[in-house]
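>>> Have a look; sequence and predicted model below, questions after that.
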Amino acid sequence: MNKAANIYWDSTPAARSARRDAVPRKRPRAKAAATKRRTAPWWLSCLIVTSIFVMLLLSINFRSFTEMREELNKNTYLAGQIQNLMDENLALQEEIHSLKTDPRVIEREAKKIGIDLRLEKVPVPAN
C-alpha cells in the first residue's frame, strides 16, 4: 500500500497527527465568517417580531372597534325610533280614550268630517 492509503488504516499516534494535519481546518474560519456576517443585534430581530405582532393585534382590534361603534350607533338610532313610536302610541291611546268618553271631543271630530250631532231628542215610549 502506498502512504496515502496507510493514513486511513494506521492507528499509531504519528498517523493520527498526520491525519489531523492533512484535513484543513474550516471551523475557526466559519465561526469568524459567521460573526462577521452577523451585523444586526439580536434585539433588532425581537423588535421586528414584536412590531409585526402589535400591528396584527391593532388591525384586528381596529376592525372590531369599528364594528362595535357601528352597532352602538344603530342601537342608539333604533332606541330613538322605539321611543318615538311609544310616544305616538301613547298619544293615540289618549285620543281613543277621549273619543270614547268626552262629548266635546266627539262633537269637534264630527264637525271636522261634516256630521251634525245636534239631533232633536225623540221621546221613546216606556211601554
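Received, thanks.

>>> other SSEs contacting the helix or strand harbouring Lys111?
Counting by DSSP states H and E, the element that carries Lys111 is helix 103-113. Under the contact definition 3 or more Cβ pairs under 8 Å, 6 or more residues apart in numbering; DSSP states H and E, helix 103-113 sits against helix 42-101. All C-beta atoms are positioned from the backbone trio N, CA, C, and that covers glycine.

>>> pLDDT averaged over the helix it packs on - what is it?
Across helix 42-101, the average pLDDT comes to 95.

>>> from here on, count from 7
Sure thing, new numbering starts at 7, so read that last one as helix 48-107.

>>> angle of it against helix 109-119?
Helix 48-107 and helix 109-119 are oriented at 100 degrees to each other (axes from the mean of the first three to the mean of the last three Cα atoms, to 10 degrees).

>>> same for helix 48-107, what does it pack against?
Packing partners of helix 48-107 (3+ Cβ pairs under 8 Å, 6+ apart): helix 109-119.

>>> Look at Asp122 and report its pLDDT.
At Asp122, pLDDT is 75.

>>> and it, how many neighbours does it have?
8 (other Cβ atoms under 10 Å).

>>> now Glu115
By the criterion of other Cβ under 10 Å, Glu115 has 14 neighbours.

>>> just the CA coordinates of stretch 57-68, formatted as PDB?
Below are the C-alpha coordinates for stretch 57-68, written out as PDB (Å, rounded to 0.1, in the frame of the first residue of the first chain):
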ATOM      1  CA  SER A  57     -43.800  45.100  16.000                       C
ATOM      2  CA  ILE A  58     -45.400  42.700  13.500                       C
ATOM      3  CA  PHE A  59     -47.400  41.100  16.400                       C
ATOM      4  CA  VAL A  60     -48.500  44.500  17.600                       C
ATOM      5  CA  MET A  61     -49.600  45.600  14.100                       C
ATOM      6  CA  LEU A  62     -51.600  42.400  13.700                       C
ATOM      7  CA  LEU A  63     -53.300  43.000  17.100                       C
ATOM      8  CA  LEU A  64     -54.100  46.600  16.200                       C
ATOM      9  CA  SER A  65     -55.600  45.700  12.800                       C
ATOM     10  CA  ILE A  66     -57.800  43.000  14.400                       C
ATOM     11  CA  ASN A  67     -58.900  45.300  17.300                       C
ATOM     12  CA  PHE A  68     -59.500  48.300  15.000                       C
END
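
>>> That's all I had, so thanks and see you.
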